[in-house]
Structure formats: C-alpha cells, structure tokens
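In: Would you be able to build a 3D model of this:
(chains A and B)
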Amino acid sequence: MSSGNVTGDHKAAAGGGDRARQAAAPGRLDLRALAPFLALAVLLVLGAFVNDNFLSLANLTNVATRSAFIAIIAVGATFVIASGGLDLSVGSMTAFVAGTMILFLNTGSLDGSGMLLFAAMAMAIGVGALCGLGNGLITTVGKIEPFIVTLGTMGIYRALTIYLAEGGSIAIKSQPLRTLYRPAYFGDVLGVPVPVIAFLVVAALGAFLLYKTPFGRHVVAVGSNEDVARYSGIPVGRVRTLTYILQGVCVAIAVLLYVPRLGAATSTTGLLWELQAITAVVIGGTALRGGVGRIWGTICGALILEVVGNIMVLSDLVSEYLIGAVQGAIIIIAMLVQRSLMRRQ
Amino acid sequence: MRGAAMSAHATAVPVLEARQLSKSFGPVEVLSEISLALRPGEVHAVIGENGAGKSTLMKLLSGHLAPSSGTVAIDGEPVALKGPVDAETRGIVLVHQEILLAPHLTVAQNIFMGRELKRAGIMVDDRRMNALAAAAVESLGAHIDPRTPVGRLSIAQRQLVQIARALQVPHRVVIFDEPTASLTPVETEALLAVIRDLSARGVAVLYISHRLPEVAAIAGQVTVLRDGQLIATRPAAELSPVEMARLMVGRELANLYPARKEAPDKAPLLEVENFTVPGFAEGASFALKRGEILGFAGLIGAGRTELMEGIVGLRPGDGSVRIHGERVHFDSARASMAAGIVYLSEDRKGKGLLLGQNLRVNLTLAALAAFHRGLGLDTRHEEEALTKAIGEFDIRARRRDMLAGQLSGGNQQKLLIAKMMLLAPEIVIIDEPTRGIDIGTKQQIYAFIARLAAEGMAVIVISSEMQELIGLCHRILVMQGGRIAGEVSGEAMTEDNIVVYATGVSDIGNDIGNDFDTGSSSGAA
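Out: Numbering: from 1, shown residues only, chains lettered A, B, ... in the order given. Predicted coordinates for the structure are as follows:
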C-alpha cells in the first residue's frame, strides 16, 4: 500500500511497506514520516518484555480490533486536519449517529430482518454525512473558526443523544436483530476480524483519495495556503466542506462497527474520542496547521494509542485508570518530537 | 553635496569592515574573501544578481550568520558578532527585505514592539508612542495614522513601518536590503531623502538594491558581487547604470526589452466598461486586443491589483466585462480561468505558489483536471508537463523534487507563469512580474511576456517600475485613486507623462519627474 509522497511533499517518503516509492524519492529518509512506525516498533518490543502474552496472535488481533473505531474516525480527521480544519465533534457525533441508528432499528418489527438492518446502516451513513455537512457549511459559509463551530456542535450532538435516550441508554430491542448484526464486530474473515478489515479498507480508500485524486491534491493545497488555492481556481469552501462530510461518513462507519459491539448508545458513547482521533492524526505525522496528510501514519497512531493502553493493562507498572493521562501525554510528546525533527532539517 | 561628504569621511576609520569574509554552506562556498570598508557618513551600495551573495554578506555583517573565515571589524577592531541583537547593541541595524511585523498590532505598537515606552514604570505610554511613531513615519514621507493595524496597510506602507521600526534603535550603521522593492517612485524618493539625511548625520549606510538608477543617485561607493566574488568597488560617480548592469551580469546586456510586435487584430478581445470594485476602483473602462501588451501604471494603492482581482472574480466587483463581445461575470478565479483569463498575483509567495510543496504539485495545481486518468491523477503525465515547463521557461532547479519555496524569486516567477500557461489562457494578467528579480532573469521574463503576446494572447502587465512598462507595453493606462486617470502610448510613453497622471497633480508630477531624471542621470555624469 502506498502512502506519503503523492501529497506533494517531497520529504514525505512513505512508511508502511512503501519501498517502491521510497526508492523513487531521492535524498534522505524522512524521519518525520518514519517516526510513528519506529515508535510502534519500539512499543511492540517493550510490550514483549513486559508480558509474554503481549505478542500472542490473540492479543495483537484484539488490540487491532479495539483500535478500529479510532482508526476509522482518524482517517476522516486526517482529511479535515490536512485541509487546515479541525473537528472536535466526532465523539458526540458517534453517540448521536449510534442513537439515531438504534432508534431506527427499534421502529421495525422485533423479528429482525436483513433489509431493516441494511436500511439502518444506510441511514447512519446519511446522518453522519449530514452532521459533517453541518460542520462544513457553518465553517465555510458562516466563516467561523472550525474550533468554535465543532465545539458548539460537539455539545449539540451530545445533548441530542442524551435527549433521545431520555437520560439513559438507547438499546436494540430485537434480540434476533442483535444476533444478526453481531458478526459485524465479532466476526472474522479467514481469521482477520471484520473491524480490522474495515479500517484497512477505509484507510486504503482514504489513501487513494488523498494521494491519487485531484480532490486529495486540493485538500493539501487548501491546508497549505488557502490564498494560493483560491488564486489557483480551487473551490476552497467546497473542498473544506467535503472534508467534514468525509469525517462524518467515517464516524458513521465506525458506528456501524460500534452498535453490534454493545447494542446500545449511552451518554458516554464516544466520550473523548475526538482527543484520541486528533492524537492519532498528530502522532501519525499530519501537520496540525494543515498542508500535510499521512493516512498510514494516522492508522499507526491509532494502533500506538491502543498498544499503550494494552501494555498498561497487561503490566502493573502504571494504573490503568491513568490511560487517559498517558494518551494526553503522548500527543504532547508527539508534537515535541515533530518539532525537534523539524528543527534539525 | 555627496562629493563633499565623501572627501570629509574618506580618511576616517571604517565604522564597519569586512575583512576577507568567506561563507560556505556545506561544500558550497557562497561568499569568497570579500573585503569592504564602510566609513561614517558614507552610502555604500552592494549590487549583484540574485545568488551573487549580497544577502549572505549582509547577514554576516549584521550578526545573523557567522563567517566561515575572515573577520568583521568595528572601528578597526575585529569583533565576533554573537547574533543580530549583539550587532544592534553595537549600533548595526539591518532593515529586512521581508516584512516582519505583527499584522494585528498597530503601527505604533509594531514600531515599539519589544521596547515599549512606559509611564509610571508599568503602564505602556500609548500616547507618547503614537506621537513618536507618527513622527517617525512622517519623516519617511508617509502619512499613516499610528493607530492603524499593520494588517490594513499596503505592502509599501508596511515596508516603511518596518524601516521606521529599525531606525528606532540607536544606530551608527544601517543596512538596507532592497528597501524599495515594493515602493512607488514617490515613496522611493522619500526614502532616498531619509538615507541622505542619515548620511549627513554621519551614519554609514549599506544599501542593497536591484534598481540601478537609485543606486547611482544615492551611493558614494558601489561594490559589485557576482557568484560570491567581489568584482569591483568603485565610486558611484565613475559608473553609469549600464556599466553597473554589465559588471553584475558579466556580459553585455543586449536589449533588456524584446522588440515590440504590432497586435494583429483590430477587434478587442476583452472589453471592460464602468467596472467598480467597492473601496478600491471606480468606473474603470478599457479594451484589450489579441497580441497586445497593455500596461497598468500607478502608485501603490491606486487600485490596479484590486481592479484586476475584481475582474477575474477574486473580489466582489461590478460592471460590464465582455470577452469576444459576450457579456461575462465571474465570482471566482475558477470561473474566470474557465473563460480563459488567468491572473498572476504580485504576491508570489503568499498567493501564487505553495512554498511547502514541490514543483510538480505547484505546476499542475490550477490545471489538475487535465491530468486525470480514470478516478486518479496521472503522475507521469504531470512529470512530463514539469519537464516541458522546465525547458520552456528555463526554470533552474537544483533538483526536480525541490520545494517551490527553495527556488529563487526569478525561478518562482517562471514556475508561476508555467503553471498558469497550462490553462492555455487567452488573456493573461501579470501583476508586478519582475519584483525582486535580478536583471538577467528580468530579461527572460520580458521575453516570455512578449512571446505570449506574439502567440496571440492578450496580456496585461501591472508594474510599479515605469521603465519596465515603457519598454514592454504597447499602451499604458495610468491609475490614480481608483480611477483610470489617463492613457499613454507610442512616443508619449515617458516617465514624466506617467507620473503626471499617477499623482493627479501636474505641477508636483513634473517636479517628481525632474527629480527622477536628475536622480538617474547624476550617476553617469
């Protein structure tokens, strides 16, 4: 799978097994692009020392599966951030989309049918896209900072979920439907869990879109310098709005995996996922100020977050109640590393 | 007066001296054993093409860089400058070419940034700072309210604020790095007066510029650099601008401007009638034929850039625009590009190119639709286009995959032209095509512009360099205060006539025109 270079940043020699492209790009290896993969490798070695079971196939599969939600949402966030935007509402949006999807499922008969499930999934994608469209239009047409816009919609989506749940939780009522939907999270294909396949497919599509299409080029151009993009005839507002819609669709895809896992949406669904998604993107080497996007780095970042959590659970070094603190520290450390690598160049 | 000052200071100890200064970056030697002495009250110009090492020399003398070998001496004593702050405390001030100001702060706040005046020990004394800032700006010949946020000023005004800021530091040596690159003739004249004033007060001035008539007008000594070597240091009075150019380039400059060809058509391709860009331009009407090069002259702030941006849909504007006789209206650059008009911004770094991206991405950015293959982009096709552009426009890049920001200004301009030409436009509007570009590359840019016209495109050139418009254009429209004040063509295309229209006051216009004549001829005399 390819990554990196097509963003146009010649230093973006890729990671993730992209040897052909690395060979094609002359000059030295780019530490910034490589850093997340090195960090993941170091963590894997560390994990192996801490606990013998860490490197077992079962554990690694589990880690990868658990990282799927954040990985998929973070692919969308990579587009938003690469174009110079920011979306803080993804966690609340997850809860809202999950809530509406389950409510829709509950309107059907209790027997449960494939058609109903399919319609609910399509609706979830639609709701996610609309939520993203809202963020995008308020940002571009209203000309308001995305930080403020999505801070606002973060509160709105969260409150709507709690309102729909009447303060409690929204659960799938139909038992047959639960059974039918279950494999979407717990199933596997040839031993590979469905969520892992899902995030790999989303990442591959995302990488194609970002690196190989005019839209992806426009995203990077807008994030790099909005004026240059405008003077080059790029429809800046449309590109930005589309990144938020993509983000919404990615959230909805994550929801499609999340709902069969718990079968319910509550007021704490997706809590602080925006922090994890943005952390994954930043660890992955995407510039928070825009202009550079690295999809495979983002995936790597999501894995790193989950591996760190896993190591904390498997070892007794640090209380697992501190996972949030460690993840918070990671984003700060990642930024410091990026900064120092940039200075050295 | 200048001669008198010269002789008075000729024997004084140099206040600032470069002794055998060399600077290498890795294996590349960009400056080789340069020696230069600057005496109190002297104006010493350093000229050379881009890449000749001028900026490096300035940075060595102002403490921004440390020399690889050789020494800097102050008052005859060798010193090791620890940094720009160290240099400033020793009285050496550098006025940067780039604008380094905080856009949200006011003129006064910028001028006094980091050395705010205080009242009662703790409160900033805004009233006093505003008054002093107003006086400082006034002394540079500008009238700017010191409470205006810098972000609302034109580039030229910002440049003046920057100069005013630098001069707030107690100074014995002032180094100007292309201070007039974005200034109009009037503002330039005011700045030259300031420099004469500095010189009369015994301050030594090191002056870097591409504008040779200016150098001839102001400098006592001229040092020419080429490829990091010192070619000559001579009294300015012994050198004409033409000789300076020859020393800089190292060869005879045949004709700087290409031969003019008559436009083939009689019917206009572009007709603009009564076009208004609110706040910037009013009631502009003009027509443009295929093969014609139309110049737009005027002072900075006359509304030339804004008028063009309005026409191509980059800012709101209203009026009648016809192409091939058909009425059009654009609400974005995308729309005007589709109709065959391209606008190349004066702000190459801020609006023209993505400095952090490579040449290929920049080249194809505006014309990406042409590089489709199925759903994706055809990178090989893009690379072919880059190869062609590099050849056609002589883009000199050390590496194909270097970033646009690493190119010299001249090559950036060539890349920008190549980028817009991929759209195969019928009408090309180029704003300040040669700002900050060395004379050898200027000649190339002029040739490109003439070629575009010869190929049948209609070209509009906006420039603050009157000589450039006179040398290049068929006709010149002069804007003043947002209106098209007049048109000159043929024999009437002279600086005097343009200045009369540009200032709107014929008496003052004549005075300034005369000043310019004496300015540019005194060096040769």
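In: Please work out how many residues are found near whichever residue of the stretch 301-450 of chain B sits closest to chain A.
Out: Of all residues in the stretch 301-450 of chain B, residue B:361 sits closest to chain A, at 3.3 Å by C-beta to the nearest C-beta. Placement of C-beta: from N, CA and C, glycine included. Neighbour count of residue B:361, defined by other C-beta atoms under 10 Å in any protein chain shown: 25.
In: now it: how far from residue B:498?
Out: Relative to residue B:498, residue B:361 is positioned 39 Å away (C-beta to C-beta, to the nearest Å).
In: Kindly report the same for residue A:194.
Out: 73 Å.
In: okay, the two: which has more neighbours?
Out: residue B:498 (26 against 18).
In: now that one, what's its secondary structure?
Out: Of the three states, residue B:498 takes helix according to DSSP: H, G, I helix; E, B strand; the rest coil.
In: what sits against it?
Out: With contact set as C-beta atoms under 8 Å, 6 or more residues apart in numbering or on different chains, residue B:498 has these partners: B:297, B:466, B:469-470, B:476, B:478, B:488.
In: Could you pick out the residues of chain B near chain A for me?
Out: B:314, B:332-334, B:337-338, B:343, B:345, B:347, B:350-358, B:360-361, B:365-366, B:368-369, B:371-372, B:375-377, B:379, B:399, B:401-403, B:419 (C-beta under 8 Å from any C-beta of the partner chain).
In: Restricted to buried residues, select these in PyMOL.
Out: In PyMOL, this line selects whichever of the residues of chain B next to chain A come out buried by 16 or more other C-beta atoms under 10 Å in any protein chain shown:
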select buried, chain B and resi 314+332+333+334+337+343+345+347+351+352+353+354+355+356+357+358+360+361+365+366+368+371+376+377+379+401+403+419
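In: Which ones among the residues of chain B next to chain A map onto helices?
Out: If you go by DSSP state H, the residues of chain B next to chain A have B:333-334, B:337-338, B:360-361, B:379, B:419 in helices.
In: all strands of the stretch 151-300 of chain B, in order?
Out: For the stretch 151-300 of chain B, the strands defined by DSSP state E, counting those that start in this stretch cover B:173-177, B:204-208, B:221-226, B:229-235, B:268-277, B:281-289, B:293-298.
In: ranking these by burial, who's on top?
Out: strand B:293-298 (a mean of 27; mean count of other C-beta atoms under 10 Å in any protein chain shown).
In: re the thing from before, out of the ones in helices among the residues of chain B next to chain A, which one sits closest to residue B:82?
Out: residue B:361 (39.8 Å; C-beta to C-beta).
In: need the contact list for that closest one.
Out: Counting by C-beta under 8 Å, 6+ apart, residue B:361 makes contact with A:8, A:217, A:220-221, B:354.
In: Tell me how far stretch A:194-208 lies from the chain's centre.
Out: Distance, stretch centre to chain centre, for stretch A:194-208: 11 Å (C-alpha atoms, centre = their mean, to the nearest Å).
In: Ignore what I typed, I meant stretch A:52-63.
Out: That offset, for stretch A:52-63, works out to 22 Å (C-alpha atoms, centre = their mean).
In: now do stretch B:340-355
Out: On the basis of C-alpha atoms, centre = their mean, stretch B:340-355 sits 15 Å off its chain's mean C-alpha point.
In: repeat for stretch B:122-131
Out: With C-alpha atoms, centre = their mean, you get 33 Å for stretch B:122-131.
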